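Asks: The amino acid sequence is not available; the structure is as follows:
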């Protein structure tokens, strides 16, 4: 999944503007046998984002899993439609972890 969302890292972050490709960039890519393509802005359903963020609630969530979920979530947040759902799910995770800590 981390590899599947890696092209999203080339999208501008929230508040940044899309960078225009110059003729020099296009020619350099062409000379290397590559071409520039638009990165599709994937919108993930709220239920899938909830499943992704629920990994953080697991007691068995290791640092490596946390880092992967963090990377995936940051890349998906570059798409406005995903950002609100991810923030809501992360708030839910934080709330649940806080309640668990209070109970313990």
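Replies: Perfect, thanks for sending it. If you're wondering where the values come from, they're calculated on a predicted model, not measured in any experiment.

Asks: State the mean pLDDT of stretch 36-55.
Replies: Throughout stretch 36-55, pLDDT has a mean value of 88.

Asks: and it, which residues are buried?
Replies: 44, 49, 52-53 (16 or more other CB atoms under 10 Å). Placement of C-beta: from N, CA and C, glycine included.

Asks: And for stretch 73-82?
Replies: For stretch 73-82, a neighbour-count test (16+ other CB under 10 Å) marks 73, 75-79, 82 as buried.

Asks: Residue 58: which of the residues you listed is nearest?
Replies: Proximity of those to residue 58 (CB to CB) peaks at residue 73, which lies at 15.4 Å.

Asks: what about the closest one, helix or strand, and which?
Replies: helix 63-76 (DSSP states H and E).

Asks: do residue 40 as well
Replies: Assigned by DSSP H and E, residue 40 falls outside every helix and strand.

Asks: can you offset everything so residue one is 23?
Replies: Right, with 23 as the first residue, what we last looked at is residue 62.

Asks: quick one: contacts for the closest residue to residue 100 other than its chain neighbours?
Replies: Nearest residue to residue 100, sequence neighbours excluded (CB to CB, 6 or more residues apart in numbering): residue 33, at 4.3 Å. Listed by CB atoms under 8 Å, 6 or more residues apart in numbering, the contact set of residue 33 reads 61, 63, 100-101.

Asks: right, and the helix or strand after the helix or strand of the chain at the bottom of the mean pLDDT ranking?
Replies: Within the chain, confidence by mean pLDDT, DSSP states H and E is lowest for helix 45-53 among all helices and strands, at a mean of 80. Later in the chain than helix 45-53, the nearest helix or strand by DSSP H and E is helix 68-76.

Asks: Next, the angle from that following helix to helix 85-98.
Replies: If you take axes from the mean of the first three to the mean of the last three CA atoms, to 10 degrees, helix 68-76 sits at 150 degrees to helix 85-98.

Asks: Which strands or helices does helix 68-76 pack on?
Replies: Judged by 3 or more CB pairs under 8 Å, 6 or more residues apart in numbering; DSSP states H and E, helix 68-76 is in contact with helix 85-98, helix 102-125.

Asks: nearest to residue 124, of the buried residues of stretch 95-104?
Replies: Distance to residue 124 across the buried residues of stretch 95-104 (CB to CB) is lowest for residue 95, with 25.1 Å.
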